[in-house]
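Colleague: The following block contains a protein sequence and its predicted model.
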Amino acid sequence: TPFCWDGVSNLLIETCFNNASWTNNAQTFYSTTAYNSCVYYTQDAAGVCDISSGTTINFRPNIRLNLVAGVPAAMSLSKNCISYDTVSVTGSKKDSLYIKNTGCATLTISNITKATSEYSINTATSFSVLPGDSGKVVITLTPTTTGNKLDTLKIFSNAGDSLICLNGVAVPPAVIGLSP
C-alpha cells in the first residue's frame, strides 16, 4: 500500500539503527533551523528503536525522498463471490460487498451491473471512494422460481473493472400443514 502524502502536511520520519555494538559513527548532513526540528537519542545497545524520548535540537537532517506522483486509485474487494446458500421463493436474502480504495487517487465507481432480475443492488451503482476508505454495496437475492440462481456483478471503475460471482439456491416455500 503506498503512502499517500498531500504535498503540504509535515512528515515525521524515524531513522533507527538497532545495533548491539558499533565500530564507526554514521555521518548525516543537516541544515540548521531557527527552531527545534529534530529529536535524537543515541545509545550503544539493542532496543533503542523502541525509545520514545530524546533530545531536541535545531539541526534538521537532509533527507532525500523519491516521491512518485500520480499514484492511481486501486480497488480491493472484500469478496470474489457472494453465496446466498438457500433462499425461499417467498423470501429474500441480503449480503454486502465492500470496495476499498488502496491507491492514492479517488476511486470512481462509474457503474455496477448484474444480468438477472432476481438479484437487486440496494445501494448507489455509481459513487466515489477516497484513498484508504471503503464503499459498501448491498445485493439482495429475491428468487421467483426454484433452482440455482447464478449471476455476475460487474463493477466498472477508473482502477479497472471487476467481476463478482453471485450464487444461491431457491427452494420452495415452507408448507405448514394442520391435522385435526
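Modeller: Perfect, I can see it now. Everything numeric in this text was worked out from a predicted model, so none of it was measured.

Colleague: May I ask which helix or strand of this structure has the lowest mean pLDDT?
Modeller: None of the helices or strands of the chain scores lower by mean pLDDT, DSSP states H and E than strand 38-40, at a mean of 81.

Colleague: Please state the offset of that one from the chain centre?
Modeller: Taking C-alpha atoms, centre = their mean, to the nearest Å, the mean C-alpha location of strand 38-40 is offset from the chain mean by 33 Å.

Colleague: Can you give the strand pairings for that strand, parallel or anti for each?
Modeller: Using DSSP bridges, strand 38-40 pairs in its sheet with strand 55-57 (antiparallel).

Colleague: got the buried residues for the helix or strand following the partner strand?
Modeller: Sequence-wise, the next helix or strand downstream of strand 55-57 (DSSP states H and E) is strand 59-61. Within strand 59-61, no residue counts as buried by 16 or more other C-beta atoms under 10 Å. Any C-beta I mention is one placed from the backbone N, CA and C, and that applies to glycine too.

Colleague: counting contacts, what elements does strand 59-61 pack onto?
Modeller: Here strand 59-61 touches strand 30-32, strand 38-40, going by 3 or more C-beta pairs under 8 Å, 6 or more residues apart in numbering; DSSP states H and E.

Colleague: All the strands of the chain, residue numbers only.
Modeller: For the chain, the strands defined by DSSP state E cover 30-32, 38-40, 55-57, 59-61, 75-77, 81-88, 93-101, 107-113, 119-121, 127-129, 134-141, 147-157, 162-171.
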